[in-house]
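J.: This is a predicted model, with the sequence first.
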Amino acid sequence: LSLSSPDFTGRQARVLYDFCPETEYEIAIKAGDSIWVQYRQCPGWLIADVEDDTGLIPESYVEFT
């Protein structure tokens, strides 16, 4: 099921690399974290839940479990 599909309802993922946000829309992630990916916002960027935050993260920084 594609991340861009309207039927995609989210999926658990593991963070591969640390990421520091550069805009107010991005959120920090740390290698080894387990996160919930809601959907693909645009090519290369995902909307994810990390602890109590929701925001953009780079798609290439995670792998789906």
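T.: Everything's here; your move. Numbering: from 1, shown residues only.

J.: Run the chain-centre distance for the helix or strand containing residue 54.
T.: In the assignment (DSSP states H and E), residue 54 maps to strand 53-58. Chain-centre distance of strand 53-58: 6 Å, with CA atoms, centre = their mean, to the nearest Å.

J.: again, but for stretch 25-33
T.: Taking mean C-alpha positions (CA atoms, centre = their mean), stretch 25-33 and its chain are 8 Å apart.

J.: Could you look up the SS state of residue 14?
T.: strand (DSSP: H, G, I helix; E, B strand; the rest coil).

J.: Let me see the contact set for it.
T.: 32, 33, 34, 35, 62, 63, 64, 65 (CB atoms under 8 Å, 6 or more residues apart in numbering). To be clear about C-beta, it is placed using only N, CA and C from the backbone, and glycine gets the same treatment.

J.: Of the residues you listed, which belong to helices?
T.: Judged by DSSP state H, helices contain none of the contacts of residue 14.

J.: ok, back up a step: counting contacts, what elements does the strand holding residue 54 pack onto?
T.: Counting contacts by 3 or more CB pairs under 8 Å, 6 or more residues apart in numbering; DSSP states H and E, strand 53-58 is packed against strand 34-42, strand 45-50.
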